[in-house]
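Peer 1: give me a 3D structure for the following:
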Amino acid sequence: MRSDVVKKGAPAAPNRSLLYALGYTREELERPLIGVVCSYNEIVPGHMNLDKIAEAVKAGVRAAGGTPVEFPAIAVCDGIAMGHVGMKYSLVTRDLIADSTEAMAMAHQFDGLVMIPNCDKNVPGLLMAAARVNIPTIFVSGGPMLAGTMNDGRRTCLSHMFEAVGAYYAGKLDEEGLEEYENNACPTCGSCSGMYTANSMNCLTEAIGMGLQGNGTIPAVWSARLRLAKHAGMQIMDLVEKNIRPRDIMTEAAFHNAETVDMALGCSTNTMLHLPAIAHECGIELSFDMANEISARTPNLCHLAPAGDTYMEDLERAGGVYAVMAELAQAGLLDTGTLTCTGRTVAENLEGVVNRNEEIIRPLDNPYSRTGGIAVLKGNLAPDGCVVKQSAVAPEMMVHEGPARVFDSEDDAIRAIYDGKIVAGDVVVIRYEGPKGGPGMREMLNPTSAIAGMGLDKDVALITDGRFSGATRGASIGHVSPEAASGGTIGLVEEGDLIAIDIPARTINLKVAEEELAARRAKWVCPEPKIKTGYLARYAKLVSSADRGAILE
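Peer 2: Take a look at the predicted model:
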């Protein structure tokens with residue numbers, strides 16, 4: 001066993017003495033040591049139940065003959081961090097989580113790992129660590145939150161809550177109405193109930209083969225989630241015995257499967273940051289261009305919030321991620337020969353799986369659209385690309401041209417939106433919020449939700465070198481690369497410049513003559529860094545552009 005180096009022989013006597021100090025018995029140390037990486041904390045609603053998940057995992061490990069050893073991973077609640085300096089610290093935790101988990105796994109020589117994440121950055125962070133350490137690993141998340149219910153019986157969720165703030169500022173909702181959303185949007189523990197980033201990434205753990213069936217969709221408050229955790233604890237022992245490792249599972253074909261499922265589900269645009277970063281740890285490069293190729297052949301089968309009025313619990317009842325994969329497999333859109341954490345192939349996992357609700361998971365002959373949920377646009381405004389969740393864009397905004405309203409920070413933009421200074425037809429440009437310029441690439445859920453809540457989502461586009469929450473809807477185009485702080489064209493846009501967006505044609509262009517752009521570029525000076533000390537300053541020096549997954553180099 002890998003852990004023998006800290007358990008066996010005379011040289012390991014000091015190591016054993018410290019393990020005995022922890023209360024482990026000789027009998028326990030004769031079994032494989034399984035690291036249980038738990039992201040439990042008391043500030044993230046998606047993580048407040050993870051102590052229960054960890055106990056269930058450990059019960060499963062013991063039942064299958066292993067010795068579980070729990071240690072923590074951090075996690076940020078993006079919703080609580082939203083709209084202030086805290087959001088600069090969200091994306092950057094992905095790398096802290098990967099680095100610290102690598103350090104713990106290597107320092108203590110575990111034989112296998114069970115990862116217990118649930119929210120936006122610690123799912124990809126732990127997947128990055130799994131690829132990097134490359135010892136047998138399985139994922140089991142904390143599960144999604146149930147949808148809320150308003151006083152009149154309407155279902156609601158966090159994206160409605162944020163949009164309610166915009167409606168309040170527009171005079172469409174009073175304080176009592178705002179408080180009703182506040183009290184009903186998030187009724188249980190779990191990752192927020194729509195197809196936002198956390199649920200997107202948890203679903204993709206199934207698609208890529210690192211999580212068992214139901215990992216992305218079984219609600220946090222269902223007892224089935226505890227049973228799943230026990231089975232994950234049992235299954236890691238099988239992976240250890242067979243020496244099936246993350247890089248055996250997360251192959252190039254598996255990443256393409258994940259991107260295909262991503263397009264069918266209508267996942268968050270943040271997956272376009274995380275999948276390339278995870279693939280990079282596996283020695284695989286995923287390009288933006290491949291995303292468009294996969295989108296072109298993959299129908300969008302699901303419209304969960306914010307794109308529609310269905311939620312994760314509905315997807316689970318309809319058959320979950322496996323039912324979506326079964327639809328795609330029928331059309332030959334998946335490589336079903338890839339290995340998974342079950343020890344079986346995708347094809348074997350999908351035997352007997354059926355779509356139980358064709359209203360929730362559209363069949364291939366009746367998709368929401370013939371192309372996938374995400375599109376990558378290119379043009380002189382984003383030569384290296386930018387990303388939009390096209391499944392959540394109103395038909396009226398698929399093609400749009402309008403004057404630029406330019407802001408050098410999210411804070412300036414949100415003030416203008418709340419003050420009613422943005423009007424129909426505008427293209428809001430928020431820059432110097434990219435990975436380097438932010439630093440940290442803040443999510444822009446506040447401005448996009450304000451626009452939607454004010455009823456302008458069918459009239460106004462928003463473009464940024466920052467990124468968006470999975471809860472964002474409308475013509476919200478992020479990850480503009482190169483970013484402004486790296487000399488990208490978005491840094492040259494001036495108030496009133498016309499911007500042309502054509503999502504079906506996959507183009508985005510600033511309608512300014514090349515001679516004028518050259519003159520502006522000659523005068524451009526990069527602003528002083530917004531943060532000059534601490535982790536964010538170090539991060540800004542190392543981080544790549546968004547089109548490469550904002551990896552650290």
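Peer 1: ok, residues contacting the helix or strand of the chain with the lowest mean pLDDT?
Peer 2: Taking mean pLDDT, DSSP states H and E as the measure, the chain has helix 445-453 as its least confident helix or strand, at a mean of 89. With CB atoms under 8 Å, 6 or more residues apart in numbering as the test, helix 445-453 has contacts from 82-83, 159, 162-170, 172-173, 410, 413-414, 417-418, 422, 428, 430, 457, 460, 462, 468-469, 471-474, 476. C-beta here means a position set from N, CA and C on the backbone, and glycine is covered the same way.
Peer 1: generate a ChimeraX selection restricted to the buried subset of these.
Peer 2: A single ChimeraX command selects the buried members of those (16 or more other CB atoms under 10 Å):
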select :82,83,159,162,163,164,165,166,167,168,169,170,173,410,413,414,417,418,422,428,430,457,460,462,468,469,471,472,473,474,476
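Peer 1: let's see which of the contacts of helix 445-453 end up in helices.
Peer 2: Taking DSSP state H as the definition of helices, those contribute 159, 162-169, 410, 413-414, 417-418.
Peer 1: tell me where the stretch 51-200 of the chain has helices.
Peer 2: In the stretch 51-200 of the chain, the helices defined using DSSP state H, counting those that start in this stretch lie at 78-81, 93-108, 122-133, 158-169, 175-184, 197-208.
Peer 1: highest average neighbour count across those helices?
Peer 2: A comparison of the helices of the stretch 51-200 of the chain by mean neighbour count, using mean count of other CB atoms under 10 Å, puts helix 197-208 on top with a mean of 30.
Peer 1: helix, strand or coil for the residue nearest to residue 536 when sequence neighbours are not counted?
Peer 2: In this structure, residue 536 finds its nearest non-sequential neighbour in residue 439, 4.9 Å apart by CB to CB, 6 or more residues apart in numbering. Assigned with DSSP: H, G, I helix; E, B strand; the rest coil, residue 439 falls in the coil class.
Peer 1: just give me the neighbour total for residue 439.
Peer 2: By the criterion of other CB atoms under 10 Å, residue 439 has 26 neighbours.
Peer 1: could you check how far it is from residue 432?
Peer 2: Remark: distance between residue 439 and residue 432 (CB to CB, to the nearest Å) = 10 Å.
Peer 1: what do you get for residue 253?
Peer 2: For residue 253, the distance to residue 432 equals 38 Å [CB to CB].
Peer 1: if we can go back for a sec, who touches both of residue 439 and residue 432?
Peer 2: Jointly contacting residue 439 and residue 432 under the rule CB under 8 Å, 6+ apart are residue 530.
Peer 1: for the residue most central in space within the chain, what are its contacts?
Peer 2: What sits nearest the mean C-alpha location of the chain, by CA atoms, centre = their mean, is residue 197, with 3.5 Å. Contacts of residue 197 were listed using CB under 8 Å, 6+ apart, and they are 78, 120, 268, 270, 271, 469, 470.
Peer 1: top of the residues you listed by neighbour count?
Peer 2: With neighbours taken as other CB under 10 Å, the top of these is residue 120, carrying 34 neighbours.
Peer 1: need the pLDDT of it.
Peer 2: In this prediction, residue 120 carries a pLDDT score of 94.
Peer 1: what does residue 480 give?
Peer 2: Note for residue 480: predicted pLDDT of 98.
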